[in-house]
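[1] Could you look at this predicted model? Sequence included:
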Amino acid sequence: MAEVKTPVLETKHLGISFGGLHAVQDFNIQMNAGELVGLIGPNGAGKTTVFNLLTGVYVPTEGTVLLNGVPLNGKKTHQFVEAGIARTFQNIRLFNDMTVIENVKVACTKDMHYSLLDATFRTPKFWKAEKEVTDRAMELLEICGLADKADILSSSLPYGQQRKLEIARALATNMKVLLLDEPAAGMNPTETAELLSCINTIRDRFGVAILLIEHDMSLVMNVCERIQVIDYGLTIASGLPEEIANNPRVIAAYLGE
Amino acid sequence: MKQNRIKTRYLVNFAALIVLFAVVVGMGMLGGNTMKLKIAPSVWQCSYLIIMAASLNLVLGFLGQLSLGHCGFMAVGAYAAALISLAFQRAGFYTEKAGAAFFLVLLISIAAAGVSAALLGLLVGIPALRLKGDYLAIITLGFGMIIVNVINNLPFCGQQGLSQGSASSALYASGLGFSNDEKMQYLWVAGLAVILCMTCMFMFVRSKYGRAIRAIRDNEIAASASGINVSYYKVLTFTISAFFAGITGALYACCNAALATSSFSFTNGSILNSVFIVVMVVVGGMGSLTGSVIAAVVLFLLNYTIKNGAWVSALPAFLQNVFTYPMLVYSIALIIVIMFRPRGIMGSREFALCDIPQWPGRIKAYFTSRAAGKAARKEGKSHG
């Protein structure tokens, strides 16, 4: 008896045009929980635009994003996050004047349900919520190997750890789908290897679906179960890593005819 | 353990503040009439300047949005408090400025001042906070000017109404306006207001709300990608800031015999105008509430002593000439602070008396890093 499973994340004919420019057209993807999918393509292909569509930064001009079968049309970015889609950024965007642990705690804000009065009078409810969040943030920092850096300013972290902190912050939102935008950019091989194990831990432990944009082909080929390739906003191939590596259209897109 | 350390820091600061307040009050009580005339109005003015600067810091330092119309909210609060107290007085609720009935009216007026300013803040904030940076500054600047004119033209509180005995001239005799003796007698009201307001603001800043708005300041896109409803937190902070500005308005009404909208206008030359409050926040440290308190007091004292010429007359003649234009002095002071401490004297640290033993080390470290930076730049130049 084959049961039809609803994919965690599904897009139907997703597309956006800026004036006459069709940045992304007819983008379809289905992801199940615990799946790691790679999204690759040459520079300017529209990968980050897809991420912006999936997180509500851009409003799609056509198509829908479905999370667990529920359409997210017309929602704002923070509502996408509440629904369960979290992301990291290609160019690191941390809260520079806040400590490492505060960066993570910010992402827990939506799950803290005390009111202004609770905060003003420091009620037990306030302390309980704060303690829970502190514990949770420490746990996530431990997973990402940042626990000993909890109280320093996030801007004073080295580059590779800033990337990891972004992932920890995304994890703190309790997401079902994690979008990673070039997490290994600018990292040396050791840092990339560490990142890889971090990503694997996250997937095994939280069972989330991960969509990964990456230019480091060895990383993509190693960890991704499926790969989708886009060029000029159009999906030109999707399938297993071996299939993609030998696909003539993909090779043409990367190397030119 | 860490929690305890923070608590001690607060308690030590708090105790020191109480002592300072007691000393000042003691000086006022024992120092005879001249001293009283100096101390009582000064403490009142200080108290509303402190709350003003701290409340603007919520928007400017913690939320990172430039608002140039903060005194507009103060004006609304001042007029709301004055009119309400007068209404009660005319209804015969109280006859003299003492007793339970008067306290009740005082409390109601202060609360009403805060609430009316907060409502206006909400109303202005919802459309205004869709804008950023310079545009928001222009809108709030416009708001500050508009509100003054609106109040001027309201029949029951404008220039006409107030000077014709409806509120202004009567404020001293029957409304909130305290005489010098009463100012002295009710100094604790000012002190208590400062303590309560500052406590509330600290609690706000050190909670999920404070974290959320600092995140918005640091990176708005990342904040919304972390699940923070950016516009909600912006409007909330703006409203809360307006609420406290409204309360300062009530305090202002208490320590003045008459209200005139010109004292809240953008172009007035006194220490109480929206730009000057911004200066206090910037000098004290954007993101440091204690910094705002210190800057408010220091700038008030500077302003006061320049005006009353205690030490200015001892300066060489050309400097005395400079000091006849106090605004010039403040701008020079501001430029110096911005040059050496671009994020304000306190930065985003909070002042704590317990930290004073560490100061020499910190100052040394500051100069060493400055010197190192300079050397590095020189090195770069010689290579380039």
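    Yes, it's here. None of these values were measured; they are calculated from a predicted model. Numbering: from 1, shown residues only, chains lettered A, B, ... in the order given.
[2] CA atoms for contacts and neighbours, from now on please.
    Will do.
[3] how about the residues of the stretch 101-250 of chain A that lie near chain B?
    A:102-103, A:105-110, A:112, A:116, A:119-122, A:169-170, A:173 (Cα under 8 Å from any Cα of the partner chain).
[4] where along chain A do the strands fall?
    Ranges of strands in chain A, per DSSP state E, are A:9-18, A:21-31, A:36-40, A:62-67, A:70-71, A:85-87, A:177-181, A:209-213, A:226-231, A:234-239.
[5] Excluding covalently adjacent residues, which one is nearest to the most centrally placed residue in chain A?
    Residue closest to the average C-alpha location in chain A (Cα atoms, centre = their mean): A:Leu179, at 1.8 Å. In space, and not counting its chain neighbours, A:Leu179 is closest to A:Arg87: 4.4 Å by Cα to Cα, 6 or more residues apart in numbering or on different chains.
[6] quick one: contacts for the one you found?
    A:Thr55, A:Ile167, A:Ala170, A:Leu178, A:Leu179, A:Leu180, A:Asp181, B:Ala225 (Cα atoms under 8 Å, 6 or more residues apart in numbering or on different chains).
[7] In those residues, which residue is surrounded by the most others?
    B:Ala225 (30 neighbours; other Cα atoms under 10 Å in any protein chain shown).
[8] Run through the residues that contact it.
    Neighbours of B:Ala225 in contact, by Cα under 8 Å, 6+ apart: A:Thr55, A:Thr77, A:His78, A:Val81, A:Ala86, A:Arg87.
[9] which among the residues you listed gets closest to chain B?
    A:His78 (4.2 Å; Cα to the nearest Cα).
[10] Once you drop chain neighbours, what's closest to the closest one?
    That would be B:Gly227: by Cα to Cα, 6+ apart, it lies 4.2 Å from A:His78.
[11] show me the residues around the one you found that make contact.
    Contacts of B:Gly227 (Cα under 8 Å, 6+ apart): A:Thr77, A:His78, A:Gln79, A:Phe80, A:Val81, A:Glu82, A:Ala107, A:Thr109, A:Lys110, A:Thr173.
[12] what about residue 71, how many neighbours?
    Defaulting to chain A. 14.
[13] other chain: chain B
    B:Cys71: 32 neighbours (other Cα under 10 Å).
[14] A:Thr48 now?
    Count around A:Thr48 with other Cα under 10 Å applied: 18.
[15] do you know how far A:Gly20 is from chain B?
    Distance of A:Gly20 to chain B, computed by Cα to the nearest Cα, to the nearest Å: 26 Å.
[16] ok, the spatially closest residue to A:Cys198 that is not a sequence neighbour - how many residues close by?
    Distances taken as Cα to Cα, 6+ apart place A:Cys144 nearest to A:Cys198, at 6.3 Å, with adjacent residues excluded. By other Cα under 10 Å, the residues close to A:Cys144 number 23.
[17] Now do the closest residue to chain A within chain B against B:Phe156, distance only.
    Nearest residue of chain B to chain A (Cα to the nearest Cα) works out as B:Gly227 at 4.2 Å. According to Cα to Cα, to the nearest Å, B:Gly227 and B:Phe156 sit 46 Å apart.
[18] Same check on B:Ile18?
    Between B:Ile18 and B:Phe156 the distance is 40 Å, computed by Cα to Cα.
[19] Report the contact partners of residue 17.
    No chain was given, so I picked chain A. A:Ala23, A:Val24, A:Thr61 are the contacts of A:Ser17 under Cα under 8 Å, 6+ apart.
[20] wait, the first one sits on A:Thr49?
    Just to be clear, that refers to A:Ala23. Yes: under the criterion of Cα atoms under 8 Å, A:Ala23 makes contact with A:Thr49 at 7.4 Å.
[21] what secondary structure does B:Asn57 sit in?
    helix (DSSP: H, G, I helix; E, B strand; the rest coil).
[22] which residues does it contact?
    Per Cα under 8 Å, 6+ apart, neighbours of B:Asn57: B:Val281, B:Met286, B:Gly287, B:Ser288, B:Leu289, B:Ser292.
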